[in-house]
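> What follows is a predicted structure for the sequence shown.
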There are 2 protein chains.
Amino acid sequence: MRVLVVEDERRLALALQHGLTAEGFRVDVAHDGPSGLALATDHAYDVVVLDIMLPGLNGYRVCSRLRASGSDVGILMLTAKDGEWDEAEALDTGADDYLSKPFSFVVLVARLRALARRIGSRAPRRTVLGDLVVDSAARTCTRAGAAVALTPREFAVLDHLARRAGEAVSKREILDAVWDSGPDSDPNTVEVHVSALRRKIDTPYGRAAVQTVRGTGYRLAADGG
Amino acid sequence: MRVLVVEDERRLALALQHGLTAEGFRVDVAHDGPSGLALATDHAYDVVVLDIMLPGLNGYRVCSRLRASGSDVGILMLTAKDGEWDEAEALDTGADDYLSKPFSFVVLVARLRALARRIGSRAPRRTVLGDLVVDSAARTCTRAGAAVALTPREFAVLDHLARRAGEAVSKREILDAVWDSGPDSDPNTVEVHVSALRRKIDTPYGRAAVQTVRGTGYRLAADGG
DNA sequence: GGCGTTGCTGAAGATCGGCTGAAGACCTGA
DNA sequence: TCAGGTCTTCAGCCGATCTTCAGCAACGCC
């Protein structure tokens, strides 16, 4: 699970990074509002841990801008005081949960897990495209009623395409979403997996659900191919 | 991607120009406020890197004038001090992000890329002109309800015209936007692609969506031809 | 109507991007 | 450690696409 921590207090940020990494989260850190907003806009995080007091752009504004841009990432706000005002405002600007400083690390982890679960269930569970059904929660795929066995990578690629059904998705984006890889990763990897995917969900059925968008990447046909 | 660097410190400007060019950006440079504003107004940049301390017209004023003129180009401000005042003012005048000097080049590149992506996603997803529909996200085009298969270049040209529907767009601008090419590139390349485009989206339907503006370039008819 | 300029278009060779089979690395569970 | 499955890398192939060129057409000015 991917977490973004936006916190200007370096020591706390570092502590959270280490602690959450040890808990099995993948953690990125930003130390001010604008770079936090940029990271959150740019990467597919599951949850953002957002301090309110931030240089450049405070937490409320980061939060509302994120929501304004259509993001439905989970947002957990860290309120410095424990007055009701802060918390109400946090929820008003679109945060999903809040925690008053100082907080227990164990509680934070529990809240993050709970939030991630809620967010996860908020996401569309199934994507139906004609006779192709992708079930993100169950991690299953059926075509024309028949179950199709996919490897983890194949499913992850399909799942990502399904979440953006109808849109052209670049290989770079797929690499980022599925592989957590650096900028030097090879787009051919995606091609190989798409090739395998097609062999399973397209070739036997004679219709192309996964379309190539030359020069860009791929698109999962919104009408089922 | 096109970047304008407005920076009066010659050595830094030159370093940025070289570095960003090496990263694959197309870079123009201005050394004072007024010429920066003029360049930004006259050309279709994706992002402007704007120093605050500038002769003639400071960065805040360049930024607010750009916004006042209706530009929604991405603006990344370079703040000399790292006081909160600078940064808040930068964002208030309409900047999208800021970076405190001295900054790491790698960070600048990452921020530029993130900003460009955010700006891109701000653009309208679909353009509808009569019976012609251009969907930038899906990278598809339909005319009179029928899908039209376009090559990447053809689509890029159409997409650019669609973003300025009704306006006359010069071949030079199209070259800049679609080809990332130098000043010695051949306008005939655009003509060839427009020709191919017309064969696909105009000829079969008997009406001209892509109109020639002699001496200037082309215009996508706002009423769909 | 004549002329220079500008735009259109078919053809051809060069280039690019994507697909795929194969091989070996890797991971996991027994 | 072994077996089975999966993932990544590599290289060759192939078709789609791009650019360039050259001749022709259209336009507008005189």
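Nice, thanks for sending it over. Residues are numbered from 1 along each chain as shown, chains lettered A, B, ... in the order given.

> Close to DNA strand C: what parts of chain A are there?
A:171, A:187-188, A:191-192, A:194-195, A:198, A:212, A:214-217 (C-beta under 7 Å from any atom of the strand). Yep, even glycine has a C-beta here, placed from its N, CA and C like the rest.

> Of the residues you listed, keep whichever come out buried.
Among the residues of chain A next to DNA strand C, those scoring as buried are A:171, A:194, A:198, A:216-217 (criterion: 16 or more other C-beta atoms under 10 Å in any protein chain shown).

> can I get these in a markdown table with secondary structure and pLDDT?
Shown next, in a markdown table, are these (DSSP: H, G, I helix; E, B strand; the rest coil; pLDDT from 0 to 100):
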| residue | secondary structure | pLDDT |
| --- | --- | --- |
| A:Lys171 | helix | 93 |
| A:Val194 | helix | 96 |
| A:Arg198 | helix | 94 |
| A:Thr216 | coil | 93 |
| A:Gly217 | strand | 94 |
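
> about what we covered before: go through the residues of chain A next to DNA strand C and say which is closest to B:Gly74.
Nearest to B:Gly74 among those, counting by C-beta to C-beta, is A:Thr216 at 21.2 Å.

> Find the residue closest to that closest one in space, skipping its chain neighbours.
A:Ala168 (4.9 Å; C-beta to C-beta, 6 or more residues apart in numbering or on different chains).

> That neighbour: neighbour count?
Residues lying near A:Ala168 (other C-beta atoms under 10 Å in any protein chain shown) number 22.

> and it, bridged to which residues?
With DSSP bridges as the criterion, A:Ala168 is bridged to A:Arg219.

> wait, it sits on B:Pro152?
No: at 10.5 Å, A:Ala168 does not count as touching B:Pro152 under the criterion of C-beta atoms under 8 Å.

> Overlap of the contact sets of those two?
A:Thr216 (C-beta atoms under 8 Å, 6 or more residues apart in numbering or on different chains).

> Okay, the closest residue in space to A:Leu220 that isn't next to it in sequence and DNA strand C: tell me how far apart.
Nearest non-adjacent residue to A:Leu220, counting by C-beta to C-beta, 6+ apart: A:Leu161, 4.1 Å away. Separation of A:Leu161 from DNA strand C (C-beta to the nearest atom of the strand, to the nearest Å): 13 Å.

> Now do the same for A:Leu161: its pLDDT.
Note on A:Leu161: pLDDT of 92.

> Report the separation between it and DNA strand D.
Between A:Leu161 and DNA strand D the distance is 16 Å, computed by C-beta to the nearest atom of the strand.

> tally of neighbours for that residue?
A:Leu161 has 27 neighbouring residues, counting by other C-beta under 10 Å.

> Now do the contacts for it.
Neighbour list for A:Leu161: A:169, A:174, A:210, A:218-220 [criterion: C-beta under 8 Å, 6+ apart].

> Point out the residues in chain A that sit beside chain B.
A:34-35, A:38-39, A:41-42, A:55-57, A:69, A:166-168, A:213-216, A:219, A:222 (C-beta under 8 Å from any C-beta of the partner chain).

> So which of those residues belong to strands?
Within the residues of chain A next to chain B, residues falling in strands by DSSP state E are A:168, A:213, A:219.

> Which residues are in contact with the residue in chain A positioned nearest to chain B?
Of all residues in chain A, A:Gly215 sits closest to chain B, with a separation of 3.5 Å (C-beta to the nearest C-beta). By C-beta under 8 Å, 6+ apart, A:Gly215 lies in contact with B:Pro152.

> gap between it and A:Val178?
Separation of A:Gly215 from A:Val178 (C-beta to C-beta, to the nearest Å) stands at 20 Å.

> same thing with A:Met53?
A:Met53 sits 35 Å away from A:Val178, going by C-beta to C-beta.

> before we move on, what about A:Glu23?
Noted for A:Glu23: a distance of 22 Å to A:Val178, by C-beta to C-beta.

> which of the two has more neighbours?
A:Val178 (20 against 16).

> Going by neighbour count, which residues in stretch A:96-112 are buried?
Across stretch A:96-112, burial judged by 16+ other C-beta under 10 Å covers A:96-99, A:108-109, A:111-112.

> scratch that, stretch A:53-68 is what I was asking about
Going by 16+ other C-beta under 10 Å, stretch A:53-68 has these buried residues: A:54-57, A:59-63, A:65-66.

> Looking at those, spot the one nearest B:Val5.
Nearest member of the buried residues of stretch A:53-68 to B:Val5, counting by C-beta to C-beta, is A:Gly56, at 21.4 Å.

> That closest one against A:Gly33, yeah?
Yes: the pair A:Gly56 / A:Gly33 is scored as a contact, 4.2 Å apart, by C-beta under 8 Å.

> Specify which member of the buried residues of stretch A:53-68 is nearest to DNA strand C.
Taking C-beta to the nearest atom of the strand as the measure, DNA strand C lies nearest A:Leu66 of the buried residues of stretch A:53-68, at 30.9 Å.

> got the contact list for A:Val47?
Counted by C-beta under 8 Å, 6+ apart, A:Val47 has contacts A:1-4, A:73-76, A:112, A:115-116, A:119.

> Where does pLDDT dip in chain A?
Low-confidence regions of chain A, defined by pLDDT under 70, span residues A:22, A:24, A:42, A:44, A:70, A:81-90, A:117, A:120-125, A:181-183, A:223-225.

> where do the helices sit along it?
A:10-22, A:33-42, A:59-68, A:84-92, A:105-122, A:152-163, A:171-174, A:187-201 (DSSP state H).

> the residue most distant from the middle of chain A, which is it?
The centre of chain A is farthest from one residue, A:Gly206, which by C-alpha atoms, centre = their mean lies 32.3 Å away.

> give me the number of residues near the residue nearest to A:Lys101 when sequence neighbours are not counted?
Leaving aside its sequence neighbours, A:Lys101 sits nearest to A:Ala80 (C-beta to C-beta, 6+ apart; 5.4 Å). By the criterion of other C-beta under 10 Å, A:Ala80 has 14 neighbours.

> try A:Phe155
22.

> Surely it and A:Ala138 touch.
No: at 10.5 Å, A:Phe155 does not count as touching A:Ala138 under the criterion of C-beta under 8 Å.

> Up against DNA strand D, what does chain A have?
Listed as neighbours of DNA strand D in chain A under the rule C-beta under 7 Å from any atom of the strand: A:151-154, A:179, A:185-186, A:188-189, A:192-193, A:214-215.

> try 6 Å this time
Contacts of chain A with DNA strand D, taken as C-beta under 6 Å from any atom of the strand, map to A:151-154, A:179, A:186, A:188-189, A:192, A:214.

> between these, which is nearest B:Ala147?
A:Arg214 (15.1 Å).

> which residue packs closest to that closest one, ignoring adjacent ones?
Spatial nearest neighbour of A:Arg214, excluding adjacent residues (C-beta to C-beta, 6+ apart): B:Pro152 at 5.5 Å.

> All set now, cheers.
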